[in-house]
Structures are given as C-alpha cells and as structure tokens.
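predicted structure and sequence below. I'll ask about it afterward.
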Amino acid sequence: MNIHFIAIGGAAMHNLAMAVAAKDGYHVTGSDDEIFDPAKSHLEAAGLLPKEMGWHPERITKDLDAVILGMHARQDNPELLRAKQLGLKIYSFPEYLYEQTKDKVRIVVGGSHGKTTTTAMILYVLNKLGIEADYMVGAQIEGFERMVRLSDTAKYAVFEGDEYLTSPLDPRSKFHLYHPHIAILTGIAWDHINVFPTFPEYVDTFRRFVDLIEPKGHLIYYQGDENLRNIASEARADITCHPYDALQTERHLGVFGKHNLQNMHAAMLACEQIGVTPQQFMDAIHSFSGASNRLELICKQADRVAYKDFAHSPSKLRATINAVREEYPQLRLVAVMELHTFSSLMENFLPQYNGCMAEADIAYVYFNPKVVEHKRLKPITREQVAAAFATPNIRVFTDSQELQEALSSLDYAGTALLMMSSGTFDGIHINDFATRLLTK
C-alpha cells in the first residue's frame, strides 16, 4: 500500500505517518511547507522527512492507494487538487483511523478537558495488564514509543476524541467519525468559538457524538455536568449510560487533583467494559504519573515546586490551578498562562476567563499581539484581558522578555510555580526556565 500524507508535519499527522509506515506492506511518503521539532526529528529518524519542503503535485500519481489530508493544508493545496483530479481516495486523519480500526472495539474519550489524561490512563492500564490496543493520544505516555499505533492484531482501539474540524474538506467534528462502542465525555465548557460561535452549537456536537455510538454501546459521562446529564437522558434506549464522579480511594497515586480522580474513575469504568476488574485497574494505575505536559512535574525541592500544563481554556485553567492549590496549600502559588489559541484571543470569548485564576496568589497572563494579528482577529489590549479575568492578582504581559524578567525577580522560597500554555510563551524553554528560577 502506497500512502501519501499532505501536511505530514502536524503533531498528530506525523505520528500517524510513522504508525502506518511501521505496518508490513505499507510505503509512506509525505510533504509539508514547514516542519518543526519534535516532528522534524521524529520523521527524520523514521526515514519519512521530505527531502525538500513545499508542495509537489507531480509526486501525486495513480500509484498511490490513498492520500491523507492534514488540517494544515488548504483547500487549494496543489497536491490535493492533483489527487482530486486523479480520483484518488482521500482520507482525513480521523477517517483513516476509523478505516484502520473499523473491525475493532473502539473506546473514544471526548470532552472539553481531561481527554488526553483519561485516554493515557486507559492505555497505561491496558499496557500494564498486557492487553494489546491500537491508539491515538495527544501526548507522550510512559511506556509508549509513539502517540499513534495501528496493528492487524489488536482487538481494541483507544482514541482521544477531538471535537474540532475534521479537515479542510470536512466540517464535521473529528470524533464524529470514530463511532465508539465505549464513549467517555468528561465535561462541556465552551471552546473553539471560531467553529462553534454559540454555546448551544458547541453542546450539539457532543450530542451528535453520542448519537453515533455503536448499537448497544456504552456512554460514560461526568455526572457533575448539567449538559452531559441532559445528553445522557436523551441517549438512545440501547445505549447503557454510566455516570461518574471523582474516584474514592485511599491508595497512594502518582497524580493529584480532583479532576484527575474524575478522569481516573472514567478510565476505570471504560476498562471495566472490556473485562478489566476495578482491582486490576487500581493495581495498575497507582504508578501512573501523568501524560507529558499535563500537570507535569518540572522541578521539586524542599520548599518549592514547579509544574507545567497544556491548560489554556478557562475550564482547564481553573481545574489545573485548583489542583495545585489543593495539593500545596502551604505554598504561595504563582500561576502563569499564555493566551495562544484562536478562541482564547477573541474579544468576545475573553469573559469566559472570569475568575479562573482567582486561586493563584500571583497570576500572570501573556499574549503576543502579533499572534492576534496573524490570526486576523480584532486587536485586544492588556486592559481588556485584565478586566476579563476579573481578579486583583492579575498582571498582563505582551512582551516575553518582560514576563521572564518579572518571573526572575520573584523569590521562590515557599512557592509552587505553574506554567500553562499550548505554546512556548514565544520561545521560552519552559523546563529549563522554571528549573533556573527554582534553583537560583
């Protein structure tokens, strides 16, 4: 099978490309106009890095069995146009995942927050128990070489289910294409305002996800979310619904925070549906220390600690800050976050952040006006951002160097430092920077 990836350099796309290339009888090629690390290094090590950047329609030939289209590509991409002209089979990323796993039992984790961690917990337990599974997860997990695995032997497939658009050609939510046998919904908090301009529209995409559960399937949902309770009450009669809340346990665990105990309970219920007992689950999960960039420990000393997290949406931000506050009540909490995503930089979305950093003793928010301009959004000001967060502990920065100087001026004795972003604060190596702050 000859498979070509258009926009191979994406976080998910390059992992899928490596997973496909690892299968017997598959030959993978790809293209992109720019590829950055870690994707670049990963592709180079796998022998899949394009020899030159750019789009090369002459490489799209009738010999290709399929083309996989990444979100980074535009509708007028020359390679895509050539593939259409030749009548080649074109898949989006989620379409191809489904194609490769349509005969397997699929577990799909959706929700506005906690998807990656819950998916990671399921995979960690299955791996500990020697249960083979294909998967797609949005972070690196201990014991797993890649973020995507596809095989001809696994009975199960575990996917992190994203509600964002499928591809430039397909406006459906990605997780609508997976048709789970076992579905998890962790919670609904408005996000992706550029795709779902109203909250009811956003809720509807989760309702549709439940409608697409396979016959006699299972829905595992967080019972503390009113919208999820409503969706569960409307589910088809053949779907078995399992509400959950924070797991109650006296065992020592490698993760902390109420939201992680909720994620863990959801993961346990999912594993139970494929024959894993609660006892087996708990014996395996106690050593789970989290997925990369999800409340990940950077540095710890006697009187200070630093964590980083992918949190950027209001609900994720609030949950992560509250978790650190609960775990380290005796320490001063310095929380730093970057407004980086499309939604977070939109003027009419900013009020969603109201009070979400209130538990921090010192709260710094950073955004780059050039990123706002690049995304062709209406300009926002420091004053607007501060007013939106609506807490007296907020200080807003638009210059990365200024932010670094402010953080460097603090005394970190008796402090918990929490760095949160889906980006890098414009060039900060978060691990190195936070370690220097705590050890100066």
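Done, it's in. In this text the structure is predicted, and so the values were computed from the model without any measurement.

His286 touches Gly254, doesn't it?
Yes - His286 lies in contact with Gly254 (C-beta atoms under 8 Å); the separation is 6.9 Å. No exception for glycine: its C-beta is placed from N, CA and C like everyone else's.

strands along the stretch 301-440 of the chain, start to end?
Listed in chain order, the strands of the stretch 301-440 of the chain (DSSP state E, counting those that start in this stretch) span 304-309, 332-338, 362-366, 394-397, 415-420.

any idea which of these gets closest to Asp32?
Among these, strand 332-338 comes nearest to Asp32, with 24.8 Å by C-beta to C-beta.

for the closest one, which strands pair with it and how are they oriented?
strand 362-366 (parallel), strand 415-420 (parallel) (DSSP bridges).

what would those look like in TSV with mean pLDDT, mean neighbour count and distance to Ala311?
Listed next are these as TSV, based on pLDDT from 0 to 100; neighbours: other C-beta atoms under 10 Å; distance: least, C-beta to C-beta, whole Å:
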stretch	mean pLDDT	mean neighbour count	distance to Ala311
strand 362-366	97	23	12
strand 415-420	96	24	4
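
this structure: helices as residue ranges?
Under the criterion DSSP state H, helices of the chain are mapped to 11-21, 39-45, 78-85, 93-101, 115-128, 199-211, 226-233, 258-272, 278-285, 314-327, 369-374, 382-389, 400-408, 430-439.

any idea which of these is most buried?
Highest mean neighbour count among the helices of the chain (mean count of other C-beta atoms under 10 Å): helix 115-128, with a mean of 25.

which strands or helices does that helix pack on?
strand 105-110, strand 133-136, strand 156-160, helix 258-272, helix 278-285 (3 or more C-beta pairs under 8 Å, 6 or more residues apart in numbering; DSSP states H and E).

in TSV: these, plus mean pLDDT and distance to Leu97.
Formatted as TSV, the helices and strands packed on helix 115-128 follow (pLDDT from 0 to 100; distance: least, C-beta to C-beta, whole Å):
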stretch	mean pLDDT	distance to Leu97
strand 105-110	98	9
strand 133-136	96	6
strand 156-160	97	7
helix 258-272	95	18
helix 278-285	96	25
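
nearest to Ser400, out of those?
Of all those, helix 258-272 comes closest under C-beta to C-beta, at 28.7 Å.

possible to save the strands paired with strand 332-338 as JSON lines with distance to Ala406?
Below are those laid out as JSON lines (distance: least, C-beta to C-beta, whole Å):
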{"stretch": "strand 362-366", "distance to Ala406": "7"}
{"stretch": "strand 415-420", "distance to Ala406": "13"}
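
closest one to Ile231 among these?
strand 415-420 (28.5 Å).

what's the closest one in contact with?
Strand 415-420 has contacts (C-beta atoms under 8 Å, 6 or more residues apart in numbering) with 298, 303-312, 317, 320-321, 324, 328, 331-338, 360, 425, 430, 433-434, 437-438.
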